[in-house]
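J.: below is the sequence, then the predicted model.
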Amino acid sequence: MGTGAALTAWFLAVLPLVLATELEVAAPGGHVALALLPWMALAGLPRSASSERSNGAALVLALLLPSAVFAARLDVAAGVGPGPVLLVLGVGFAVVLLLGWAAERGARGGPFHGAGWWLFVAGPPILSIAVALSTERDAPVLLRRLAAISPLEQAWRLARGVGDTGGLALTCVTAGLLALLARPGRGAGRWEQRP
Amino acid sequence: MIAFALALAAVLDPVLVGVAELEVSGPFEHVVLISGSALTVLHGPLAAGESRRVDVPFVGWERTAAPPQHEAEHAVRFLGWSEDDREERWRALPRGLRGRPTPTSAGFFPRTRTGGLVTLVAAGLAVLLVRRRSRAVLAIGAVAATVLGMPFVVSLPASAVFVLEGDAASGTWVRVEARRGECAVDSRTLLAVALDRPSRGALETSIDLAEPERWTLRAPGRQWIAWRAGPAGGELTASENRLGDLDRVWVRSAGGFFEARGPWPEGTALPPLRASDPPPGWLAAGSPPGAGVLLARFADPAGEAGWVRLVGFTTESR
C-alpha cells in the first residue's frame, strides 16, 4: 500500500471519529466498523507491481491502529461491552490484513486479483446501492447475496446496526479466496515475458 | 392495560404489560418469578408465617394476559390483575403530549475530547514524517494507540436524559426519562415504560419488599423510556420561571425560528435575546408547527441531562 493510499485511508477513517457527535452512531461496534471500512477498501485495492510501496505493513499498522482503538473506545463509552467491540476490531483487522495480503500477491500475479476484487469486494455493494437509489427499491436478491460476501458491505451493515460480527467474519473467506486467486506466478509468466 | 400496551407498541416496545397482585408468604430470602424471558425477583426476607400483598409489574415481551409462573408454588399466590388507573391517567394527558418524540438516544452518544483528536492527528502526522523508518513508525503507532485506548480521550455520555414535556394550554407536565440498562421507577407516579428498540433479550424486575412501590427494571445494553407525572406546581411563563434554574433557553413564536435566550434563573422573568447555538436537533424536532415553543436545559440536573420542551409558550407576560 502506497503512502498516498495509506494517508487517504487514514483521513477517511479519522473523519467519522471527528464527527462522532454529529453522526450519532448507535450500532454496537459501529465506530470500529466505520474506522476500518476505508482500510478495507484501500488496503485491498488492486495495484501493479511497480506501485510505490513505502514502509508497507508498518505504515498501515501505525496509521490504522490508533484510529481503530479510538473508535473502539467510543463504542465502549457508548455502552457496548468491551467483548463485542474487541471482536469487531479483531475480525475487521484480520479482514484488512487478508485483503492487503491478497493485493500484495495480486500485484505480482496477473489480472485475476483485480477481477476478483471487483467481483466480490467492490462491485456488488456499489451496484446494489446504485440499483436501490435509481429504482427506489431493494436490489435483486442475487445482487444482495453477492454483496453480502463483500467485506465493505458487511462493515457498512455493522455501522448501520443491521449487520453482525459473524457476517464480517465470513468475509475473511472472501479475502482468503482473493489471496488464492492472486497466487504469484499465475499468469505472471505471460506478463513478464513481454518485451 | 393490554390494549394500552399494544397502542404504545406502534411507537416503542412496551414492556409493562400488566400489574399482578400477589400474596407472598414466608419463609424466604427472595422469590424469582419467571415470565418468558423476563424475571422478577422479590427480595425479602420474609419470616415463616409472614405474608404480604404486593403489586408486581408483569414485564415482558410476550403481550399475553397469562399470569407469571413462579418457582416457589407455596410462597406466591396470584390474586389477580391490579386495577390501577395508570391507563386512565395516561389517556387523560393532552394528545400532543403523549405523541412527542422520546429522548431515546439523544444525549447517550459519547463525545470525542479535543485531546483525543489532537493525539490522533498528531500521531498521523508524526508517522508521515518518519514513514521511511519502520521502527519509529511502529513505535509512534503503538504509543498513540495506547493513549487513545484510555478512557479520558472521550467524554462519557449521560447515564440518564430526561425531558420535562409541558403543555402550556392545560398546564400539564410529564417527565419522560431515558436510561441505559437500569431504570428505577416509583410505581405511584409511573405512567408508562418502554424499551427504545424492538429487540428480545433478558429483562429483570427487582422489588424490595421493604419498599414495594419502587421497581428496578434492568435490560443490559438497552435503553428504557419511562413516562412519569411531571412536577406539580411547576410553571413557566414569560413573567416567571417556577420550574428551576435553566442555563440554556430557546423560544420560538408560532411562525418563527428558535431564538436563544437565557440563562434563566428560577423566580425571574424571561431574559432577553442573546446570540447562541441553535437548540439540539432531537429536542427541536418534536416541536409542532404553528405553536409557540420553549426549549431549555436545566442548569444542574444532579448529574443527569435535563431538558424542557414546553408547547404553547408565548413571550407575552401574563
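T.: In hand now; what should we look at?

J.: what parts of chain A come near chain B?
T.: Within chain A, the positions near chain B by CB under 8 Å from any CB of the partner chain are A:3, A:7, A:10, A:14, A:17-18, A:20-21, A:24-26, A:28, A:54-55, A:58-59, A:61-63, A:65-70, A:72-74, A:77-81. (Each C-beta comes from the backbone N, C-alpha and C, glycine too.)

J.: out of those residues, which are buried?
T.: With neighbours counted using 16 or more other CB atoms under 10 Å in any protein chain shown, the residues of chain A next to chain B contain these buried positions: A:3, A:7, A:10, A:14, A:17, A:20, A:25-26, A:28, A:54-55, A:58-59, A:61-63, A:65-70, A:72-74, A:77-80.

J.: inside helices: which ones of the residues you listed?
T.: Applying DSSP state H to those, the entries found in helices are A:3, A:7, A:10, A:14, A:17, A:20, A:58-59, A:61-63, A:65-70, A:72-74, A:77.

J.: just the helices in chain A please.
T.: Taking DSSP H to define them, one finds helices in chain A at A:3-18, A:20-23, A:30-43, A:56-77, A:82-107, A:112-117, A:123-135, A:141-148, A:151-160, A:165-181, A:188-192.

J.: what is the third one packed up against?
T.: Contacting helix A:30-43 under the criterion 3 or more CB pairs under 8 Å, 6 or more residues apart in numbering or on different chains; DSSP states H and E are the following elements: helix A:3-18, helix A:56-77, helix A:82-107, helix A:151-160.

J.: any chance of a markdown table for these, columns mean pLDDT?
T.: Written out in a markdown table, the entries for the helices and strands packed on helix A:30-43 read as follows (pLDDT from 0 to 100):
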| stretch | mean pLDDT |
| --- | --- |
| helix A:3-18 | 85 |
| helix A:56-77 | 88 |
| helix A:82-107 | 87 |
| helix A:151-160 | 87 |
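
J.: so can I have JSON lines of those helices showing distance to residue B:97?
T.: Shown next, in JSON lines, are these (distance: least, CB to CB, whole Å):
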{"stretch": "helix A:3-18", "distance to residue B:97": "36"}
{"stretch": "helix A:56-77", "distance to residue B:97": "33"}
{"stretch": "helix A:82-107", "distance to residue B:97": "37"}
{"stretch": "helix A:151-160", "distance to residue B:97": "32"}
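
J.: ok, which of those helices comes nearest residue B:222?
T.: Shortest separation from residue B:222 across these is recorded for helix A:82-107, at 14.0 Å, computed as CB to CB.

J.: check the gap between the closest residue to residue A:157 other than its chain neighbours and chain B for me.
T.: Sequence neighbours aside, residue A:163 is the residue nearest to residue A:157 in space, at 2.8 Å (criterion: CB to CB, 6 or more residues apart in numbering or on different chains). Applying CB to the nearest CB, to the nearest Å, one obtains 15 Å for the distance of residue A:163 from chain B.

J.: I'd say residue A:163 and residue A:154 touch.
T.: Yes - counting by CB atoms under 8 Å, residue A:163 does reach residue A:154; the two are 5.5 Å apart.

J.: okay, the two: which has more neighbours?
T.: With other CB atoms under 10 Å in any protein chain shown as the criterion, residue A:163 and residue A:154 differ in neighbour count, and residue A:154 comes out ahead with 29 against 21.

J.: give me the pLDDT value at the residue in chain B that chain A sits nearest to.
T.: Each residue of chain B has a distance to chain A, by CB to the nearest CB, and the smallest belongs to residue B:141, at 2.9 Å. In the prediction, the pLDDT value recorded for residue B:141 is 91.

J.: what do you get for residue A:142?
T.: Note for residue A:142: predicted pLDDT of 85.

J.: burial count for it?
T.: 10.

J.: next one: the one 10 residues further on
T.: A total of 21 residues lie near residue A:152 under the criterion other CB under 10 Å.

J.: repeat for the one 3 residues further on
T.: Each residue near residue A:155 was counted by other CB under 10 Å, and the total is 32.

J.: what do you get for the one 5 residues further on?
T.: Neighbouring residues of residue A:160 were enumerated by other CB under 10 Å; the total is 14.

J.: before we move on, what about residue B:83?
T.: 8.

J.: so who does the nearest residue to residue A:178 once chain neighbours are set aside touch?
T.: Setting aside the residues directly before and after it, residue A:178 is nearest to residue A:102 in space (CB to CB, 6+ apart), at 4.0 Å. Residues counted as contacts of residue A:102 (CB atoms under 8 Å, 6 or more residues apart in numbering or on different chains) are A:44, A:113, A:117, A:175-176, A:178-179, A:181-182.

J.: can you rerun that using 6 Å?
T.: Contact criterion CB atoms under 6 Å, 6 or more residues apart in numbering or on different chains gives A:175, A:178-179, A:182 as the residues in contact with residue A:102.

J.: coming back round to it: surely the residue nearest to residue A:157 touches residue A:156?
T.: No - contact criterion CB atoms under 6 Å: residue A:163 and residue A:156 do not qualify, at 7.6 Å.

J.: of the helices and strands packed on helix A:30-43, which is nearest residue B:42?
T.: Taking CB to CB, helix A:82-107 is the member of the helices and strands packed on helix A:30-43 nearest to residue B:42, at 31.2 Å.

J.: and the closest one, how far out from the chain middle?
T.: Averaging C-alpha positions (CA atoms, centre = their mean, to the nearest Å) puts helix A:82-107 8 Å from its chain's average.

J.: what is the neighbour count of residue 30?
T.: Defaulting to chain A. Applying other CB under 10 Å, we find 27 residues neighbouring residue A:30.

J.: wait, chain B was what I had in mind.
T.: Each residue near residue B:30 was counted by other CB under 10 Å, and the total is 16.
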